[in-house]
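Chemist: only geometry, no sequence info:
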Ligand SMILES: Nc1ncnc2c1ncn2[C@@H]1O[C@H](COP(=O)(O)OP(=O)(O)O)[C@@H](O)[C@H]1O
Ligand SMILES: Nc1ccn([C@@H]2O[C@H](COP(=O)(O)OP(=O)(O)O)[C@@H](O)[C@H]2O)c(=O)n1
């Protein structure tokens, strides 16, 4: 089973993806880390974030095991990731890595922006996780504070608005709801309630699949 979770910044898709993966015994890929790591490599090399040849080289050089999450999860890297993620060649360079992960025996859980629309259009279920921009900014501000970053809510709100706009308006693989996705609005749900809602979607998809197999066998 391939479970795709997409959605805007700090909607809770990563938290849900991790919980669902653990619950289902499936591997999890946070695809945002790929774009963050590509941006980090460019910054370390002193390259411009718009240098598409250097960005493609950095993206091709990524391995799924070498992420320094503490360094990648910061506010600056989120912004830089969204700039490199708008370069079509960077997205192309990262497709095989993500599809290879999704093709693991038994399936996988992937979260990002274009998992259900571009990377794994065959995924089922697809869950589009969203929440009000204010709730998301509050969550991200708390998270960054917890990581020791001095941030204020207003700046995080502005960052998130800007990033959502860039991610939704880019020419290739923009953030959008897949036609066959379930939309899960977590604005008024705590982590536990959001997990229960996501699990209910997964279980009903599994049930539909079982019924389909039973009907075609009988
Ligand atoms: N339903 C929720 N209610 C409150 N906080 C949440 C909820 N879901 C996630 N969080 C918190 O919000 C922050 C961002 O969540 P995360 O899963 O990283 O979002 P995303 O992967 O969509 O960017 C984290 O600190 C996480 O613990
Ligand atoms: N599948 C993906 C995942 C991330 N990204 C980009 O990478 C940036 C960082 O993604 P992320 O998932 O780590 O960010 P958050 O949603 O956690 O804030 C996003 O703003 C997107 O620009 C993408 O374009 N496609």
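Modeler: Thanks, I have it. Every value quoted in this text rests on a predicted model; they were computed, and no experiment measured them. Ligands and ions are numbered 1, 2, ... in the order given.
Chemist: got the residues of the protein near ligand 2?
Modeler: Residues of the chain found near ligand 2 (C-beta under 6 Å from any ligand atom) are 9-10, 14, 31-32, 35-36, 78, 81-82, 85, 112-114, 163, 167. In this view, the C-beta of every residue, glycine as well, is placed from N, C-alpha and C.
Chemist: run the last query once more with 5 Å
Modeler: By C-beta under 5 Å from any ligand atom, the part of the chain that sits against ligand 2 consists of 9, 31, 32, 35, 81, 82, 85, 112, 113, 114, 163, 167.
Chemist: Can you report how many residues lie near the nearest residue to the third one once chain neighbours are set aside?
Modeler: This points to residue 32. Spatial nearest neighbour of residue 32, chain neighbours left out: residue 112 (5.9 Å); criterion: C-beta to C-beta, 6 or more residues apart in numbering. For residue 112, the count of nearby residues is 29 (other C-beta atoms under 10 Å).
Chemist: Same question for residue 29, what's its three-state structure.
Modeler: Residue 29 carries the three-state label strand when classified by DSSP: H, G, I helix; E, B strand; the rest coil.
Chemist: Quickly list what it is bridged to.
Modeler: residue 110 (DSSP bridges).
Chemist: how about it, what does it touch?
Modeler: Applying C-beta atoms under 8 Å, 6 or more residues apart in numbering to residue 29 gives the contacts 64, 98, 101, 102, 108, 109, 110, 111.
Chemist: who are the neighbours in contact with the fourth one?
Modeler: The one in question is residue 102. By C-beta under 8 Å, 6+ apart, the contact set of residue 102 is 2, 29, 108, 110, 119, 120, 123.
Chemist: could you dump the residues you listed to JSON lines with pLDDT and secondary structure?
Modeler: Converted to JSON lines, the contacts of residue 102 look like this (pLDDT from 0 to 100; DSSP: H, G, I helix; E, B strand; the rest coil):
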{"residue": "2", "pLDDT": "98", "secondary structure": "strand"}
{"residue": "29", "pLDDT": "97", "secondary structure": "strand"}
{"residue": "108", "pLDDT": "98", "secondary structure": "strand"}
{"residue": "110", "pLDDT": "98", "secondary structure": "strand"}
{"residue": "119", "pLDDT": "98", "secondary structure": "helix"}
{"residue": "120", "pLDDT": "98", "secondary structure": "coil"}
{"residue": "123", "pLDDT": "98", "secondary structure": "coil"}
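Chemist: so which of the residues you listed would you say is closest to ligand 2?
Modeler: residue 119 (7.0 Å; C-beta to the nearest ligand atom).
Chemist: close to ligand 1, is the helix or strand harbouring residue 70?
Modeler: Secondary-structure assignment from DSSP states H and E places residue 70 in helix 69-72. No. Against ligand 1, helix 69-72 shows no contacts by C-beta under 5 Å from any ligand atom, the least distance being 11.0 Å.
Chemist: With that, I have no additional questions.
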